[in-house]
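J.: With the sequence up front, the predicted model follows.
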Amino acid sequence: AFSQTDVENNDQEIHTLIAWLRDHLLIDFVVVDHWDADRFAIGVAAPVDLHRLVYISSWKRPTNQYFVALETSPADGSDMPNASVGKFESVDRERLAHIVTDHLCFGPDS
């Protein structure tokens with residue numbers, strides 16, 4: 001279940017977005033915050049694979065518009081914690097909901 005502490009240090013736009021995603025997505029996800037110093041960013045991941053991550057940023061974006069980056073497990077032998085598999089410069093909430101669902105359920109290496 002979502003709690004305020006999941007995003008307690010984040011900007012109100014991120015708080016509002018996470019609550020909206022929880023209400024509108026038909027899939028489960030966990031909030032992952034690897035970016036403690038960045039109040040305008042958050043990650044959501046598949047509960048069964050925390051490397052399958054959607055990074056979302058509201059930094060310098062109009063309200064309800066987000067930068068999105070998709071990550072997954074790195075290739076075998078890689079020193080990187082994740083592999084970048086896509087990005088979107090500016091998406092609205094509805095498009096973001098589709099991106100999150102597609103990536104967490106049906107990512108490129110599913």
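T.: Noted; the coordinates are in hand.
J.: so the residue lying farthest from the centre of the chain is in which element?
T.: Ranked by distance from the centre of the chain (C-alpha atoms, centre = their mean), the top residue is Gly77, with 25.1 Å. Per DSSP states H and E: Gly77 is located in neither a helix nor a strand.
J.: same deal with Gly86?
T.: Per DSSP H and E: strand 83-92 holds Gly86.
J.: Remind me what that strand packs against, helices and strands.
T.: With contacts defined as 3 or more C-beta pairs under 8 Å, 6 or more residues apart in numbering; DSSP states H and E, the packing partners of strand 83-92 are strand 65-72, helix 93-106. The C-beta positions use only the backbone N, C-alpha and C, and glycine is treated the same way.
J.: Show residues contacting the longest one.
T.: Residues from elsewhere that reach helix 93-106, judged by C-beta atoms under 8 Å, 6 or more residues apart in numbering: 17, 20-21, 24-27, 29, 44-46, 52, 54, 56, 64, 66, 68, 70, 86, 88, 91.
J.: Mark which of these are buried, thanks.
T.: For the contacts of helix 93-106, a burial check counting by 16 or more other C-beta atoms under 10 Å picks out 17, 21, 25, 29, 44-46, 52, 54, 56, 66, 68, 70, 91.
J.: Please identify which of those is nearest to Asp38.
T.: Nearest to Asp38, judged by C-beta to C-beta, of the buried ones among the contacts of helix 93-106 is Ile56 at 10.9 Å.
J.: mind listing what the residue nearest to that closest one when sequence neighbours are not counted touches?
T.: Excluding the flanking residues, the one nearest Ile56 by C-beta to C-beta, 6 or more residues apart in numbering is Tyr66, at 5.2 Å. Tyr66 makes contacts with Leu17, Ile56, Ser57, Ser58, Ser90, Val91, Asp92, Arg93, Leu96, as judged by C-beta under 8 Å, 6+ apart.
J.: Could you list the low-pLDDT ranges of this structure?
T.: For the chain, the stretches with pLDDT under 70 are 1-10, 34-36, 107-110.
J.: What about Phe106, how many residues nearby?
T.: 8 (other C-beta atoms under 10 Å).
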